[in-house]
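Novice: based on what follows, work out the 3D shape:
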Amino acid sequence: MIAYELMIGDWVRCRTDKKPFKVEQIDGIEEQVYGDDGFFVDIAELEPIPITEDFLEKNEYQRMEYTDPWNGKIHVQYMLEIGNMDSVIYVPDSHCLFAKHMMGGRYEIDNVKSVHEMQHALRIGEFNHININL
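Specialist: This next block holds a predicted model:
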């Protein structure tokens with residue numbers, strides 16, 4: 001990984017022990033990242049945490065299947081409802097995240113393959129309040 005890929009609050013993991021690591025401070029000059037417990041590691045030793053079905057289910061995304069009317073293929077997507085009007089949908093096949101905000105805003109972000117990329121996408125849509133459970 002490189003420094004500009006990260007933001008404060010991102011979840012990543014160490015390559016060696018695969019232990020999750022929450023970014024609390026980024027030192028772009030020394031190329032180190034600090035965690036909330038004072039632990040620090042070289043950025044080169046970090047890797048993304050992939051988005052898995054287990055991760056989505058732990059974070060209360062509901063699995064939904066639908067059949068494509070054009071080709072009959074079954075697709076899987078995960079939806080997280082937030083309050084009465086807000087929702088986030090993640091489609092694992094295409095690594096696409098769709099979000100709908102109660103004020104009418106909608107957006108789609110492609111190529112979301114890791115937890116920290118999902119966090120970035122959710123921040124863009126002002127879904128900062130969603131907790132991440134690893």
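
Novice: can you pull the buried residues of the strand with the most length in the chain?
Specialist: As assigned by DSSP state E, the longest strand anywhere in the chain is strand 74-82. By neighbour count on 16 or more other Cβ atoms under 10 Å, the buried set for strand 74-82 is 77-78, 80, 82. For the C-beta atoms, the positions are set from N, CA and C on the backbone; glycine is no exception.

Novice: with stretch 119-134 instead?
Specialist: 119-122, 125, 127, 130, 132.

Novice: ok, the residue nearest the centre of the chain - contacts?
Specialist: Note on the chain: the residue nearest the mean C-alpha position is Met118, at 2.3 Å, using Cα atoms, centre = their mean. Contacts for Met118 (Cβ atoms under 8 Å, 6 or more residues apart in numbering) come out as 51, 90, 97, 112.

Novice: right, and the pair among those residues with maximum separation?
Specialist: Across the contacts of Met118, the longest distance by Cβ to Cβ is 9.3 Å; it joins Ile51 and Leu97.

Novice: what do these two both touch?
Specialist: Common contacts of Ile51 and Leu97 (Cβ under 8 Å, 6+ apart): 90, 112, 118.

Novice: columns secondary structure, pLDDT and distance to Glu45 on top of the residues you listed, output as CSV?
Specialist: Shown next, in CSV, are these (DSSP: H, G, I helix; E, B strand; the rest coil; pLDDT from 0 to 100; distance: Cβ to Cβ, whole Å):
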residue, secondary structure, pLDDT, distance to Glu45
Tyr90, strand, 92, 28
Val112, coil, 95, 23
Met118, helix, 94, 22
